[in-house]
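Visitor: fold the following, please.
(one chain, ligands or ions: 1)
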Amino acid sequence: MKLISGNSNQQLSELVSSYLDVPLTECRIQRFSDNEIFVEIMENVRGKDTFFVQSTSYPANDHLMELLIAIDALKRGSANRITAVMPYFGYARQDRKTGGRTPISAKLVANLITAAGADRVLTLELHAGQIQGFFDIPVDNLSAAPVFVPYIEKKFKDADICVVSPDVGGVVRARQLAKRIGADLAIIDKRREKAGVSEVMNVIGEVKDKVCILVDDIVDSGGTLCNAAIALESQGAKEVHAYVVHGVLSGAAVERVSKSTLKTLVITDSIAATEEMKAAPNIEQVSIAPLIGEAARRISEERSISELFR
Ligand code: R5P
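Guide: Here you go, the predicted model:
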């Protein structure tokens, strides 16, 4: 087994490496003066089971290109199997045509990864499970529940909890978590009654005097979560916390979350935290390294991954 890290999240790769007790294979990623990327794997990979760890997070296009070129380098180095380990799969939100003459970029990215020579993909909480079908190679789409559940159970041991989906699209994810921790479920239904009139947030479910836990796959601008927190509080929620898998947190999102009424926002390290995120008073990060490491080990040993989620 060979574990190799791209530039997107070196710290996560190091944590996975220590979990597995497998050293990171040296890999040089360089730029030509015109910014072309060059990748050189510094150890023999002939016949090896290789795992290249790279989230296609900001700057998404550079990290994607690094991943594709690294896969090509591994293929030409005669690796026996190449697994693209993508803790965060960028472009996933572009999973359908949103209008005439628009792309399905998630499918294009899946094609690129396959064409580059990946044999399989290991990822975490895809924006939509169906994206697995964009690939004609095996995709292991891990759930972050085994990471969040013990954390939630410990922190809110005696609280009256309600798990909340911040939009209708996230209901399945929220329901699964609510079931695992034995909590109630509520849903926020966003609606614009008339064009030009601001969005109305209807809370479906009873949240009065409850500790509300918003769950989502991505926090990007933070708008969805911060507005959901306001809606829940207006319905009498005692306090609002959020557990979100991928902390994209672009633009002024960290400031927005810091100034919001959210008591805590817990994200995973699928995307490397910036200094601003680390300094935010209400943002915490939990590591998915043991989960990714264990899944990689099971792939390598041809053992079940679904057992991890029972
Ligand atoms: C949407 O379908 C996703 O699940 C997230 O709710 C969304 O990407 C969050 O975006 P933002 O933080 O910009 O509101």
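Visitor: state the number of residues packed around Arg191.
Guide: 8 (other C-beta atoms under 10 Å). Where you see a C-beta, it was placed from the backbone N, CA and C, and this is true even at glycine.
Visitor: that one against Val203, yeah?
Guide: No - Arg191 is beyond contact range of Val203, at 11.8 Å (criterion: C-beta atoms under 8 Å).
Visitor: which SS state does Ala115 fall under?
Guide: helix (DSSP: H, G, I helix; E, B strand; the rest coil).
Visitor: from Glu125, how far off is it?
Guide: 25 Å (C-beta to C-beta, to the nearest Å).
Visitor: pLDDT weak spots in the stretch 51-200 of the chain?
Guide: 192-193, 195-198 (pLDDT under 70).
Visitor: helices along the stretch 151-300 of the chain, start to end?
Guide: Here the stretch 151-300 of the chain has its helices, by DSSP state H, counting those that start in this stretch, at 171-181, 223-234, 253-259, 275-279, 289-300.
Visitor: with distance to Leu64 and mean neighbour count added, can I get the ones you listed in TSV?
Guide: TSV is the format used below for these (distance: least, C-beta to C-beta, whole Å; neighbours: other C-beta atoms under 10 Å):
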stretch	distance to Leu64	mean neighbour count
helix 171-181	25	17
helix 223-234	25	19
helix 253-259	21	19
helix 275-279	22	13
helix 289-300	19	21
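Visitor: tell me which of those helices sits nearest to Thr50.
Guide: helix 289-300 (9.9 Å; C-beta to C-beta).
Visitor: let me see the mean pLDDT of the closest one.
Guide: For helix 289-300, the per-residue pLDDT values average out at 98.
Visitor: export it as PDB, just CAs?
Guide: C-alpha atoms of helix 289-300 as PDB (Å, rounded to 0.1, in the frame of the first residue of the first chain):
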ATOM      1  CA  ALA A 289      -8.700  10.800   9.300                       C
ATOM      2  CA  PRO A 290      -9.500   7.600  11.200                       C
ATOM      3  CA  LEU A 291     -12.600   7.000   9.000                       C
ATOM      4  CA  ILE A 292     -10.700   7.700   5.700                       C
ATOM      5  CA  GLY A 293      -7.700   5.600   7.000                       C
ATOM      6  CA  GLU A 294      -9.900   2.700   8.000                       C
ATOM      7  CA  ALA A 295     -11.800   2.700   4.700                       C
ATOM      8  CA  ALA A 296      -8.500   2.800   2.700                       C
ATOM      9  CA  ARG A 297      -7.200  -0.100   4.800                       C
ATOM     10  CA  ARG A 298     -10.300  -2.100   4.100                       C
ATOM     11  CA  ILE A 299     -10.100  -1.400   0.300                       C
ATOM     12  CA  SER A 300      -6.600  -2.500   0.300                       C
END
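Visitor: how much space separates the nearest residue to Lys107 once chain neighbours are set aside from the ligand?
Guide: Using C-beta to C-beta, 6 or more residues apart in numbering and skipping residues adjacent in sequence, the residue nearest Lys107 is Phe134, 4.6 Å away. Separation of Phe134 from the ligand (C-beta to the nearest ligand atom, to the nearest Å) stands at 17 Å.
Visitor: can you count the residues close to Phe134?
Guide: 20.
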